[in-house]
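Trainee: Below are the sequence and a predicted model for it; my questions follow.
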Amino acid sequence: MIERPTIRLRRLPTDQLTSAELAAIRRLMDSAFGPEPENSFDDDDWAHALGGLHFVLDVEGRIVSHASVVKRSLHVAGRPLRTGYVEAVATLPALQGRGHGSRVVAAVNEHVAAEYELGALGTGSVGFYERLGWKVWRGPTSVRTDGGDVRTPAEDGGILVLLTPYTPSDLDLHAPISCEWRQGDVW
């Protein structure tokens, strides 16, 4: 008889994670994103992942996959939407392709659908999220600043959204979408 590993998916706010767990999650991010500057997970990315709800997948007591959802206000054609923004999604490289990331994102989807008008994230892995129900935002992207909206054309096609039961029925995926400014990657 083959024994299956013990797998546990936990949902915890940042303040309920221990310092050891936070360190393990940060190491996971560094490992998954690698050292190349264009792909690395930096301190700003880490800060963006904190302050919300973390989805932590443990295998045999070891954290192997993670995602977090933080509250943001995205505006679509000027209309503010309460958004669950997904950050810090990764699985240890040696354990990728085993469904751990999909399991974490499925739990994220349930949470976002229950709590927010919209889910959103920025990614270079569009296909992974599309097969889990996310849709590519087709309209132009911008960041809101004190001086007005500033286009972020490099993000066009890389912002995905998850529609929820609370999403306005007239939401147009081709309309302009904007996020509030923040340090580091604004999206």
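Mentor: That came through fine. Numbering: from 1, shown residues only.

Trainee: okay, CA-based contacts and neighbour counts for the rest of this
Mentor: Noted.

Trainee: Please spell out which residues along the helix or strand Ala106 falls within are buried.
Mentor: Secondary-structure element containing Ala106, defined by DSSP states H and E: helix 100-115. Across helix 100-115, burial judged by 16 or more other Cα atoms under 10 Å covers His100, Gly101, Ser102, Arg103, Val104, Val105, Ala107, Val108, Asn109, His111, Val112, Ala113.

Trainee: for stretch 119-129, same thing?
Mentor: Of the residues in stretch 119-129, those buried (16+ other Cα under 10 Å) are Gly119, Ala120, Leu121, Gly122, Thr123, Val126, Tyr129.

Trainee: what would the residues you listed look like in CSV with pLDDT, distance to Ile7 and secondary structure?
Mentor: Shown next, in CSV, are these (pLDDT from 0 to 100; distance: Cα to Cα, whole Å; DSSP: H, G, I helix; E, B strand; the rest coil):
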residue, pLDDT, distance to Ile7, secondary structure
Gly119, 98, 26, strand
Ala120, 98, 27, strand
Leu121, 98, 26, strand
Gly122, 95, 28, strand
Thr123, 91, 26, coil
Val126, 92, 26, helix
Tyr129, 96, 22, helix
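
Trainee: Okay, strands next: where are they in the chain?
Mentor: Secondary structure of the chain (DSSP state E): strands at 7-13, 53-59, 62-76, 79-91, 118-122, 135-136, 141-145, 148-151, 159-163, 177-180.

Trainee: partners of the third one, with directions?
Mentor: When sheet partners are counted by DSSP bridges, strand 62-76 sits next to strand 53-59 (antiparallel), strand 79-91 (antiparallel), strand 177-180 (antiparallel).

Trainee: And the buried residues of stretch 119-129, which two are furthest apart?
Mentor: With distances taken as Cα to Cα, the most widely separated pair in these is Gly119 and Val126, at 14.5 Å.

Trainee: separation between the residue most central in space within the chain and Pro37?
Mentor: A centroid search over the chain (Cα atoms, centre = their mean) returns Val86, at 2.0 Å, as the residue closest to the centre. Taken as Cα to Cα, to the nearest Å, the spacing of Val86 relative to Pro37 amounts to 21 Å.

Trainee: Ok, Val126 next?
Mentor: Taken as Cα to Cα, the span from Val126 to Pro37 is 21 Å.

Trainee: And for Val112?
Mentor: Computed as Cα to Cα, the Val112 to Pro37 distance reads 30 Å.

Trainee: go on, Asp170?
Mentor: The spacing between Asp170 and Pro37, counted by Cα to Cα, is 39 Å.

Trainee: who has more neighbours, the two?
Mentor: For Asp170 against Pro37, the residue with the higher neighbour count under other Cα atoms under 10 Å is Pro37, and the figures read 9 against 6.

Trainee: What degree of burial does the closest residue to the residue nearest to the centre of the chain other than its chain neighbours show, as a neighbour count?
Mentor: Nearest non-adjacent residue to Val86, counting by Cα to Cα, 6 or more residues apart in numbering: Val69, 4.6 Å away. Residue crowding around Val69 was assessed by other Cα under 10 Å; the count is 28.

Trainee: Nice, that's everything, thank you.
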